[in-house]
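J.: Sequence first, then the predicted structure, then my questions.
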Amino acid sequence: MQWLDRHIVAPVFVTAASEDSYAIDAHGAALSGMPLYNLDGQAFAIATGSAHGTAYPAREALERLTVRAASGRAIDAALGMTFQALTAPLVRVFHPTGALVTSVVPSGPAASAGIVHGDVVTAIGEMTVDSPEAAQKAIATLTPGAPTTVAVARGTRTLTMSATAGSAFALSSPALRPDDADDTSVSAGDILSVAEIESIGVAADAVVLEINAQPARRREEAAGEWRRARAPKTLYLDQNGVRFFAVVDDRR
């Protein structure tokens with residue numbers, strides 16, 4: 001893409017669009033505050049939040065920045081966690097409504113509050129959360145350094161955590177990588193059939209971190225656990241630095 005005459009940091013995919021925002025997927029790249037360009041080399045939006053987050057049209061982003069600068073709140077807030085939408089298969093395992101937490105920044109506001117991957121955020125402050133987009137919009141209303149509350153569903157329990165919002169700039173970081181991604185790591189291809197891999201749409205080399213909330217440490221042990229597990233079976237995976245959940249339900 002030399003004709004663009006600019007460096008390409010990462011490809012970004014617009015997965016949904018509304019009148020005032022875009023849902024984007026940058027495959028784990030941290031893009032908060034960066035401009036997004038179309039294939040004509042024109043800046044059309046500004047990214048905010050996480051890699052699986054939101055972008056605002058360029059004109060609206062400029063208006064928002066101007067208002068925030070005038071109010072002394074030019075720095076975006078963050079809680080240091082990423083989200084996944086609750087699809088029909090995931091709803092069978094997790095809370096039916098909210099934003100599923102897929103990762104938390106170590107020592108960040110969410111981690112310090114006790115939030116872990118697998119929690120489902122249902123409210124931030126006074127705002128109800130029913131999707132990752134709603135979570136990002138709620139976080140965008142916070143002020144760095146100010147306290148807030150985060151309501152999460154964990155199994156059958158509903159918990160309210162106290163958190164202090166941080167700075168999106170300070171919490172932006174390279175994509176998370178598996179802590180033990182070495183020759184002993186378990187890949188999806190080690191334990192899943194071709195049909196199962198295709199059913200959840202993951203790569204065969206995606207790293208399996210957990211099976212039914214239990215760490216997957218050894219190929220042989222993980223394969224045995226997978227065979228013994230009852231459906232629906234839940235996987236926590238890392239694919240190219242992006243962590244997410246998938247559910248395989250092979251019941252007939």
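T.: Arrived safely.
J.: Please give the centre-to-centre distance between stretch 192-206 and its chain.
T.: Distance of stretch 192-206 from the chain centroid (CA atoms, centre = their mean, to the nearest Å) equals 20 Å.
J.: do the same with stretch 219-233
T.: Chain-centre distance of stretch 219-233: 25 Å, with CA atoms, centre = their mean.
J.: ok, and for it, which residues are buried?
T.: Neighbour counts over stretch 219-233 (16 or more other CB atoms under 10 Å) mark 219, 222-223, 225-226, 233 as buried. Backbone N, C-alpha and C define where each C-beta goes, glycine included.
J.: One more: stretch 197-204?
T.: 197, 199-200, 202.
J.: Which one of the buried residues of stretch 219-233 is nearest to D20?
T.: When these are ranked by distance to D20 (CB to CB), K233 comes first, at 38.6 Å.
J.: Look up the pLDDT of the closest residue to that closest one other than its chain neighbours for me, please.
T.: Distances taken as CB to CB, 6 or more residues apart in numbering put V248 closest to K233, at 4.8 Å, once the chain neighbours are dropped. We have a pLDDT of 92 for V248.
J.: check contacts around V248.
T.: V248 sits next to 192, 196, 199-200, 231-233, 235 when contact means CB atoms under 8 Å, 6 or more residues apart in numbering.
J.: follow-up on the earlier one: and the buried residues of stretch 197-204, which two are furthest apart?
T.: Using CB to CB, the pair of the buried residues of stretch 197-204 lying farthest apart is S199 and V202, separated by 9.4 Å.
J.: Mark which of the contacts of V248 are part of strands, please.
T.: Secondary structure from DSSP state E places 233, 235 of the contacts of V248 in strands.
J.: element containing P144?
T.: Assigned by DSSP states H and E, P144 belongs to neither a helix nor a strand.
J.: right, and it touches G166 too?
T.: Yes: the pair P144 / G166 is scored as a contact, 6.0 Å apart, by CB atoms under 8 Å.
J.: list the residues that contact both of these two?
T.: In terms of CB under 8 Å, 6+ apart, P144 and G166 are both contacted by the residues 77-78.
J.: Make CSV out of the buried residues of stretch 219-233 and add pLDDT and secondary structure.
T.: Shown next, in CSV, are the buried residues of stretch 219-233 (pLDDT from 0 to 100; DSSP: H, G, I helix; E, B strand; the rest coil):
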residue, pLDDT, secondary structure
R219, 89, helix
A222, 91, helix
A223, 91, helix
E225, 89, helix
W226, 91, helix
K233, 93, strand
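J.: between the buried residues of stretch 197-204, which is nearest T82?
T.: Within the buried residues of stretch 197-204, the smallest distance to T82 is 17.0 Å, found for V202 (CB to CB).
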